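>>> 3D, please:
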Amino acid sequence: MDFTDVDLPGLLLDTESAVGMEAHGKTEAAVLMPISRWPHDPHLTFTERRADLRKHAGEISFPGGTTEPEDRDLEETALRESHEEIDLRPDLVDVIGAVPPVGTFATSFRIQPIVGLVAEEARMIANPDEVAAILTFGFDDLLDSYAMRRLVRRGVPIRTPTFELGRHLIWGATARILTDFFHRIGAMK
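Below you'll find the model as predicted:
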């Protein structure tokens, strides 16, 4: 798909409106959807969480985490966590909007996705305490890999959007965020 004519900021929610929306979850969290190479060859960056973490071990997610008392707002949470997890400097991210929050059922997080354009000079390095790998996928590859699948998690069958790229399976809250984002910008019908 050609994204050069897509008014990305115009298709997103402003952060304040998104934060005000309802979503399941007791614990406030935020993630950054870091977009690089916009609009000619857009890519999104994800983290593969370490396999030995207590929550969401081994899963692929956007960089982010729970809000801390010193965070001014959820946008700051997303930027701070991205800096901690992948050394993405906040001054190299241009926040352009947000998509609606999603909730996780097993862990009861209310996740606020924040969308940011990453400067060309940004370099990312995984924090080995939390991140097993930094993964970057092109929009076209993500769109081509989309499918609704039936997965069994903790013995419970669920039907969920998924993105399967090689050995990497994006599912759950991250896949729901990604699906909403692609619908919002007109890349998915």
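
>>> Which secondary structure element of the chain has the lowest mean pLDDT?
strand 146-153 (a mean of 88; mean pLDDT, DSSP states H and E).

>>> low pLDDT regions in the chain?
51, 53-57 (pLDDT under 70).

>>> Strands of that one, start to end?
Counting by DSSP state E, the chain has these strands, from start to end: 27-36, 43-49, 60-61, 64-66, 93-98, 102-103, 109-118, 131-138, 146-153, 156-165, 168-170.

>>> Dump these to a markdown table, plus distance to Glu16 and mean neighbour count.
Where C-beta positions appear, they are placed from N, C-alpha and C, glycine not excepted. Output for these, formatted as a markdown table (distance: least, Cβ to Cβ, whole Å; neighbours: other Cβ atoms under 10 Å):
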| stretch | distance to Glu16 | mean neighbour count |
| --- | --- | --- |
| strand 27-36 | 13 | 23 |
| strand 43-49 | 23 | 21 |
| strand 60-61 | 24 | 22 |
| strand 64-66 | 18 | 20 |
| strand 93-98 | 9 | 20 |
| strand 102-103 | 18 | 20 |
| strand 109-118 | 11 | 26 |
| strand 131-138 | 29 | 17 |
| strand 146-153 | 30 | 12 |
| strand 156-165 | 27 | 15 |
| strand 168-170 | 28 | 18 |
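
>>> Tabulate those in a markdown table, adding columns for distance to Ile177.
Below are the strands of the chain laid out as a markdown table (distance: least, Cβ to Cβ, whole Å):
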| stretch | distance to Ile177 |
| --- | --- |
| strand 27-36 | 7 |
| strand 43-49 | 10 |
| strand 60-61 | 9 |
| strand 64-66 | 10 |
| strand 93-98 | 10 |
| strand 102-103 | 6 |
| strand 109-118 | 5 |
| strand 131-138 | 14 |
| strand 146-153 | 13 |
| strand 156-165 | 10 |
| strand 168-170 | 10 |
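
>>> what about the ones you listed, which gets the closest to Ala18?
Closest approach to Ala18 among these is made by strand 93-98 (3.7 Å; Cβ to Cβ).

>>> CA atoms of that closest one as PDB?
C-alpha atoms of strand 93-98 as PDB (Å, rounded to 0.1, in the frame of the first residue of the first chain):
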ATOM      1  CA  VAL A  93      10.100  10.600  18.900                       C
ATOM      2  CA  ASP A  94       7.400  12.900  17.500                       C
ATOM      3  CA  VAL A  95       4.100  11.900  19.200                       C
ATOM      4  CA  ILE A  96       1.400  12.300  16.600                       C
ATOM      5  CA  GLY A  97      -1.600  10.800  18.400                       C
ATOM      6  CA  ALA A  98      -3.100   7.700  19.900                       C
END
